[in-house]
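K.L.:
Sharing a model that was predicted from the sequence below.
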Amino acid sequence: MNIFSLSTVRATPASPLHDEARDWLLLLTSGRATVADAKALKAWCAQSPEHAQAFEQIKAMWRQLGTAIEQAQRPHHFGRRAFLGGAIAASAALVMVGVGAPGGLAGLTADYRTEVGEQRQVLLSDGVSLELNTQTRISRVGQGIELLEGEVEVLARVAQPLKVQAGVGWVSAAQARFNVRHTDRNVCVTCIEGWLSVDVAGRTVHMESGRQLTYGADVIGEVATVDTQAVVAWREQVLVFNNATLATVVDEINRYRPGMLVLLNKELGQRRVQARFNLQQLAGVALLIRDAYGAKCTELPGGVVLLS
């Protein structure tokens, strides 16, 4: 049964584009979509005006469907979210997209983990403590650890260097406080206090307090001086953005809140942002973006908000 073909909703002409647009909507409302899926949707909409129009039509049909269902089911207190839940759950299995847990398959067996919006402390051993940020997966590796995905602040006060694997590199430190972030296959290491070394691609980079290094599988950046307080602001339940693009801001916010913000307006995504967000305020961040930048907000089930 096609849930978009009720008589109260004017159907759009059948076409492969509309089928694909419907699949995108089903994915977004399944509660299983990732930030990578949101980026893929934006790329799909940007392929042509016809792609973007097809998605807009599907969104409009969803809104009309919701109104019709609410009217028809009101005596039974049966809202569109509940009605769509079963249909979407059944349809989601047919959406052939890559949706994975943080850290991939290895993340499923991680020794330490956090879920969306969760932060926790782990006392790894005498002299070593970990502060895990949202959506983080960590496994023990010998006497050290591997950051499979996410972000962790490490405090090491030990005689022998603690080793932290992240991506293709290793961080070593005995007397240091440092932050390691591993997202989208890129790693960012920031020395907060003390000093450390990073071994990556046959190089050893020594870093002291206030210095940061980023690297990926194919590229190693230059060591830079950064504002360490901004880097670890998440420890105080705050996100700090200094001249970041709105697209970057949205991607970061998505790591902390249930559901997903999907920014469909490429030009809007390039706007520069100087802002601080308290993690307790993220539920209403879509409205803040709407008011500040004039974005159009479309709310979908599962906490998904389309910004266009």
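P.N.:
Now that the structure is in, tell me what you want to look at.
K.L.:
What is the end-to-end distance of stretch 210-218?
P.N.:
Length of stretch 210-218, first residue to last, CA to CA, to the nearest Å: 25 Å.
K.L.:
cool, stretch 301-308 as well?
P.N.:
Rule used - CA to CA; the end-to-end distance of stretch 301-308 is 17 Å.
K.L.:
Just the buried residues of it, please?
P.N.:
By 16 or more other CB atoms under 10 Å, the buried positions in stretch 301-308 come out as Pro301, Gly302, Gly303, Val304, Val305, Leu306, Leu307, Ser308. Every residue, glycine included, has its C-beta placed from N, CA and C.
K.L.:
Reformat these as a markdown table; add pLDDT.
P.N.:
Output for the buried residues of stretch 301-308, formatted as a markdown table (pLDDT from 0 to 100):
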| residue | pLDDT |
| --- | --- |
| Pro301 | 75 |
| Gly302 | 75 |
| Gly303 | 81 |
| Val304 | 85 |
| Val305 | 89 |
| Leu306 | 89 |
| Leu307 | 91 |
| Ser308 | 86 |
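K.L.:
Identify those among the residues you listed that sit within strands.
P.N.:
Among these, the members found in strands (DSSP state E) are Val304, Val305, Leu306, Leu307.
K.L.:
Kindly indicate which of those lies nearest Leu282.
P.N.:
Relative to Leu282, the closest of those is Val305; by CB to CB it sits at 11.3 Å.
K.L.:
out of the buried residues of stretch 301-308, which one sits closest to Ile58?
P.N.:
The shortest gap between Ile58 and any of those belongs to Leu306, at 10.9 Å (CB to CB).
K.L.:
contacting residues for that closest one?
P.N.:
Leu306 makes contact with Leu28, Lys59, Val262, Leu264, Cys297, Thr298, Leu300 under the criterion CB atoms under 8 Å, 6 or more residues apart in numbering.
K.L.:
Dihedrals phi and psi, the most centrally placed residue in the chain?
P.N.:
By CA atoms, centre = their mean, the mean C-alpha position of the chain lies nearest to Arg255, the distance being 3.6 Å. Backbone torsions of Arg255, given as degrees, to the nearest 10, read phi -70, psi -20.
K.L.:
With the one 4 residues further on instead?
P.N.:
The phi and psi torsions at Gly259 (degrees, to the nearest 10) take the values phi 80, psi -150.
K.L.:
And for it, nearest residue in space, chain neighbours not counted?
P.N.:
Gly303 (2.0 Å; CB to CB, 6 or more residues apart in numbering).
K.L.:
again, but for Ala52
P.N.:
Cys45 (4.6 Å).
K.L.:
So for that neighbour, what's the pLDDT?
P.N.:
The model reports Cys45 with a pLDDT of 87.
K.L.:
Touching, the residue nearest to Gly259 and Leu261? I think so.
P.N.:
No - counting by CB atoms under 8 Å, Gly303 stays clear of Leu261, with 9.0 Å between them.
K.L.:
chain center to stretch 108-123, what's the gap?
P.N.:
16 Å (CA atoms, centre = their mean, to the nearest Å).
K.L.:
ditto for stretch 163-172
P.N.:
Counting by CA atoms, centre = their mean, stretch 163-172 is centred 22 Å from the centre of its parent chain.
K.L.:
Now it: buried residues?
P.N.:
Neighbour-count burial for stretch 163-172 [16+ other CB under 10 Å]: Lys163, Val164, Gln165, Ala166, Gly167, Gly169, Trp170, Val171, Ser172.
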